[in-house]
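In: Please find the sequence and the predicted model below.
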Amino acid sequence: MRRRTSIASNPVLIGAATVLVVVVAVFLAYNANSGLPFVPSYTVKATVPNAAALVVGNDVRIAGTRVGTITAITPEQNPRTGKVVARVTLKLDKSVEPLPVDSTIIVRARSALGLKYVQITKGTSPKGWADNAVIPLRQARPQPVEIDEVFSMFDKDTRKASEVNLTTFSQALAGRGQDLNDTIATLPRLLTNLGPVMRNLSSPSTGLDRFIRALAQTASAVAPVAQQQAGWFAGMDATFSALASIARPYLQDTISEGPETLRVATASFQHQAAFLDKTTRFFTELQPATSALVVAAPPLGNAVESGAPVLTAAVGLNERLDDVLGALAEFGQNDEALAGVGDLASTAKAALPLISALEGMQRVCNYPALFMRNLSSALSAGDSVGNWLRVLPILTPVGLNNEGGPASQPADGPSMENHLHSNPVPNTAQPGQTKECEAGNEYYNTGFTTLGNLPGNQSTLTDWTTNDQDGGNGAPIAPPSWGKTP
């Protein structure tokens, strides 16, 4: 009878089996991150903005469950923009296939030590990515902020500012325990009434969002003048410090009476709206006249000063004007008088160009008034028999072509006195002329024949027509240029 040999009694076979098991175990352990061999898988490639700290073999998870691993990471550059992104190859379980096309990809941190994984948020689309399909960059979500990035924002300046804030807050709260207790005790009443206020603020009709946007725009607009605003606040501090001395009782009484004042104003302003509207239009239309007052104010001031005594006597004048105005009323109803007024209007209209041309002669140089004054003076001189015009004898110089008789040309020497000086049309500030009052202001050009206008501007200063333009000292003012020689 043959005796059977057991495999357990053969050391070679036992050793070989042991080595085989160890080799298989090592092989499986080495390739564990890539998935078990001979197991069907589903591969997709995802494009992410940044694959920093991702390594081959990191997990791929859906809802926290591991569904695959990363088998490859390669950089990809956009040929059009030059931007570099990462292409991550994901080897997924067959049960995930097909991954919906609206699924999103995000790289998340697995631990504080820097280990990361790829998280897939499955979409709801009936369409799915085919095997080896490339998920575009638009499906990748921005990389979440890492803990080291959070810590990096606490730089030296930030830490110093935080220290100052904590110190300031602690000093602000120190010794105010009772005030804090009172505040906490009143919070229930505040929160009870806060509900309706918050509902009102959150209502679309309130427009709180528009208000916040307007505040942001206002802050952006005033940002360039921040330095001026700082100075303004410093000035306000000085102002409020000055107001502190009259805070009680004056400011206190003003504030306490403010609600009643506002109530009365609210009731009365609605009746004043029409008045304010008309006042606004009135002052708008008055702006051109107000601008003209800048030039007219000095003469108007003189007119008011001179007119004050006149107004005192105007009471008696008004009584005597009653008969005059009655006569003017009868005159206005007379047909012949109205026809005469019409003719006078036509005459004035025809004379308007002449008057406009002579405007500078009177308004600037005062020549017509001077002429009438001098004519009156000439006619008033005389004796008991009668008046006569005062004349001065004119003694002509001796020499060739002198002014005492006919001449072939203007007198031109040889003596210093035998020279003709004539200006038949002097400048009198008329349109097209130099703004000067040349007549009466010309200098006598001794030893030279001068015909026509003199060179330069002879000024617009002429004699006064009354003796009250003296600057307050009682002496008439005479033009300093009279009788001057060059």
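Out: It's in.
In: show me where the protein has strands.
Out: Secondary structure of the chain (DSSP state E): strands at 41-48, 59-62, 65-77, 84-93, 99-100, 104-109, 116-121, 128-129, 133-135, 421-422, 450-451.
In: closest one to residue 176 among those strands?
Out: Closest approach to residue 176 among the strands of the chain is made by strand 104-109 (42.3 Å; C-beta to C-beta). Quick note: C-beta positions are derived from backbone N, CA and C, even for glycine.
In: tilt between the closest one and strand 84-93?
Out: Between strand 104-109 and strand 84-93, the angle comes out at 100 degrees (axes from the mean of the first three to the mean of the last three C-alpha atoms, to 10 degrees).
In: what bits of the stretch 201-350 of the chain have low per-residue confidence?
Out: Within the stretch 201-350 of the chain, no stretch has pLDDT under 70.
In: redo that, cut-off 80
Out: Flagging of the stretch 201-350 of the chain using pLDDT under 80 yields the residue ranges 270, 289-290, 292-295, 310, 313-317.
In: Show me the helices in it, by range?
Out: Taking DSSP state H, counting those that start in this stretch to define them, one finds helices in the stretch 201-350 of the chain at 208-222, 226-243, 252-256, 258-332, 335-357.
In: thinking in terms of the whole chain, how far from its middle is the shortest one?
Out: Put plainly, it is helix 252-256. For helix 252-256, the separation from the chain centroid amounts to 36 Å (computed by C-alpha atoms, centre = their mean, to the nearest Å).
In: Redo the strands of the chain as TSV? Include mean pLDDT.
Out: Listed next are the strands of the chain as TSV, based on pLDDT from 0 to 100:
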stretch	mean pLDDT
strand 41-48	85
strand 59-62	87
strand 65-77	86
strand 84-93	86
strand 99-100	88
strand 104-109	83
strand 116-121	85
strand 128-129	86
strand 133-135	86
strand 421-422	84
strand 450-451	85
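In: Next, format those strands as JSON lines and append distance to residue 343.
Out: Shown next, in JSON lines, are the strands of the chain (distance: least, C-beta to C-beta, whole Å):
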{"stretch": "strand 41-48", "distance to residue 343": "100"}
{"stretch": "strand 59-62", "distance to residue 343": "109"}
{"stretch": "strand 65-77", "distance to residue 343": "99"}
{"stretch": "strand 84-93", "distance to residue 343": "98"}
{"stretch": "strand 99-100", "distance to residue 343": "103"}
{"stretch": "strand 104-109", "distance to residue 343": "98"}
{"stretch": "strand 116-121", "distance to residue 343": "101"}
{"stretch": "strand 128-129", "distance to residue 343": "105"}
{"stretch": "strand 133-135", "distance to residue 343": "102"}
{"stretch": "strand 421-422", "distance to residue 343": "40"}
{"stretch": "strand 450-451", "distance to residue 343": "43"}
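In: before we move on, back to that, right, and the helices of the stretch 201-350 of the chain - which one's nearest residue 364?
Out: With C-beta to C-beta as the yardstick, what comes closest out of the helices of the stretch 201-350 of the chain is helix 335-357 (12.8 Å).
In: Would you mind listing the outside residues contacting the closest one?
Out: 331-332, 430-431 (C-beta atoms under 8 Å, 6 or more residues apart in numbering).
In: Now for residue 422, how many residues are close by?
Out: 11 (other C-beta atoms under 10 Å).
In: Excluding chain neighbours, what is closest to it?
Out: Distances taken as C-beta to C-beta, 6 or more residues apart in numbering put residue 451 closest to residue 422, at 5.5 Å, once the chain neighbours are dropped.
In: What distance do you get for the one you found to residue 347?
Out: Going from residue 451 to residue 347 by C-beta to C-beta, to the nearest Å gives 37 Å.
In: Please apply the same query to residue 63.
Out: From residue 63 to residue 347 the distance is 107 Å (C-beta to C-beta).
In: now residue 430
Out: 22 Å.
In: So if I had to pick from these two, which one is more boxed in?
Out: residue 430 (17 against 10).
In: about what we covered before: now tabulate the contacts of helix 335-357 in TSV and tack on distance to residue 207.
Out: Compiled in TSV, the contacts of helix 335-357 are given as follows (distance: C-beta to C-beta, whole Å):
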residue	distance to residue 207
331	68
332	64
430	65
431	61
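In: out of the residues you listed, which is most surrounded?
Out: residue 430 (17 neighbours).
In: mind listing what that one touches?
Out: Residue 430 neighbours (C-beta under 8 Å, 6+ apart): 357-358, 360-361.
In: can you redo the residues you listed as TSV with neighbour count?
Out: Listed next are the contacts of residue 430 as TSV, based on neighbours: other C-beta atoms under 10 Å:
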residue	neighbour count
357	12
358	15
360	20
361	16
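In: between the residues you listed, which is closest to residue 159?
Out: residue 360 (80.2 Å).
In: I'd guessed that closest one sits against residue 432; true?
Out: No: in this structure residue 360 lies outside contact range of residue 432 using C-beta atoms under 8 Å: 10.2 Å.
In: For burial, what's the neighbour tally of residue 110?
Out: 14.
In: Could you give the bridge partners of the closest residue to it other than its chain neighbours?
Out: Using C-beta to C-beta, 6+ apart and skipping the chain neighbours, the partner closest in space to residue 110 is residue 117 (5.1 Å). For residue 117, the beta-bridge partners are residue 108 (DSSP bridges).
In: residue contacts, residue 117?
Out: 58-61, 107-108, 110.
In: again with residue 62
Out: Contacts of residue 62 (C-beta under 8 Å, 6+ apart): 96, 119-122.
In: and those residues, which are buried?
Out: Among these, those classed as buried by 16 or more other C-beta atoms under 10 Å are 96, 119-120.
In: Please produce TSV containing those, extended by distance to residue 290.
Out: Output for the buried ones among the contacts of residue 62, formatted as TSV (distance: C-beta to C-beta, whole Å):
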residue	distance to residue 290
96	83
119	74
120	76
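In: Thanks again, I'm all set now.
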